[in-house]
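Engineer: sequence below, structure please.
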Amino acid sequence: RAIGRSLPRFEKTAEHQSIRANRAALNDTRTFYNGMESGSTPKYETAKLVNIYPSTNGAPGIEHWVSDSISNTDLVTLSNHIDQVNRMWSTTNRIYKKVTDTFGLDPSGSWNGLNLPTTMTILWLKPYLNYAGFFNSADLYPKSQISDSNQCKMVYLYFDGSAEALFNYGSTLAHELQHM
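Structural biologist: Residues are numbered from 1 along each chain as shown. This next block holds a predicted model:
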C-alpha cells in the first residue's frame, strides 16, 4: 500500500498511453527468472509491480517489481529506497545520462530478435551473499533463443533495508547499466 501511494504524479499524454498499453499495470504479478542457479535448477521469483516511474529528462521509465520474498514489513522502507532510485535515475546529469553519455545508449527497439520495451525493469530481491545487484545479458534475448530470458532491459537489486544500501543503489544501478 505505502509503495503505491508514493507514485509521482503522472500526466497521461497520447505518447504515454501508447507506451502504457504494452506495459504491465500496478499490482500485476509476474514470475521472473532471477539469474541465479540453485544447484542445477533455475531459480524463479514471483514479483509484484509496485511502482512505475515515467520517462523523464530523456531517461526511460522504470518498472519496479518486488519479489514476494521481501516481507510486508520491509515494504515501507523499500518504498523510500525506490523513490530515491527514481530521483537518481533521471534527474539531469544523474545515473542514466552519465552512463549513456560515457558508454552509449541502452538497447532499444529490435534487439537480438526481441522487441525490447522502452522501460527499464528493476527486480528487487532479498539479499544474496554480499551482492548489491547484477545484470543478466540473457534477458535481452527472446525465449526461443534463451529459455530463461525475462525478455526485457533489466537490472536486479538486492534490498536489505539498511541506510547504507540506500547510498549504494545509485552506484550499483550505474554499474549494472554499463554492462547493458
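Engineer: mind jotting down where the strands sit in the chain?
Structural biologist: In the chain, strands defined by DSSP state E lie at 29-38, 41-53, 62-67, 110-111, 114-115, 120-125, 133-134, 154-158, listed in chain order.
Engineer: what sits against the spatially most central residue of the chain?
Structural biologist: Centroid-nearest residue in the chain: residue 122, 1.3 Å away (criterion: CA atoms, centre = their mean). Going by CB atoms under 8 Å, 6 or more residues apart in numbering, residue 122 touches 62-65, 85, 154-157, 173. C-beta: built from backbone N, CA, C; applies to glycine.
Engineer: could you export the strands of the chain as a markdown table, including mean pLDDT and distance to residue 89?
Structural biologist: Below are the strands of the chain laid out as a markdown table (pLDDT from 0 to 100; distance: least, CB to CB, whole Å):
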| stretch | mean pLDDT | distance to residue 89 |
| --- | --- | --- |
| strand 29-38 | 82 | 20 |
| strand 41-53 | 86 | 7 |
| strand 62-67 | 94 | 6 |
| strand 110-111 | 82 | 21 |
| strand 114-115 | 86 | 23 |
| strand 120-125 | 93 | 8 |
| strand 133-134 | 89 | 14 |
| strand 154-158 | 92 | 11 |
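Engineer: re the thing from before, and the residue nearest to the centre of the chain, how far from residue 137?
Structural biologist: 16 Å (CB to CB, to the nearest Å).
Engineer: any idea which of the contacts of residue 122 is closest to residue 128?
Structural biologist: Using CB to CB, the shortest approach to residue 128 within those belongs to residue 156, at 9.3 Å.
Engineer: surely the closest one touches residue 138?
Structural biologist: No. Between residue 156 and residue 138 there is no contact, the gap being 12.0 Å when judged by CB atoms under 8 Å.
Engineer: which one's more surrounded, the two?
Structural biologist: Just comparing residue 156 and residue 138: by other CB atoms under 10 Å the higher neighbour count belongs to residue 156, 27 against 17.
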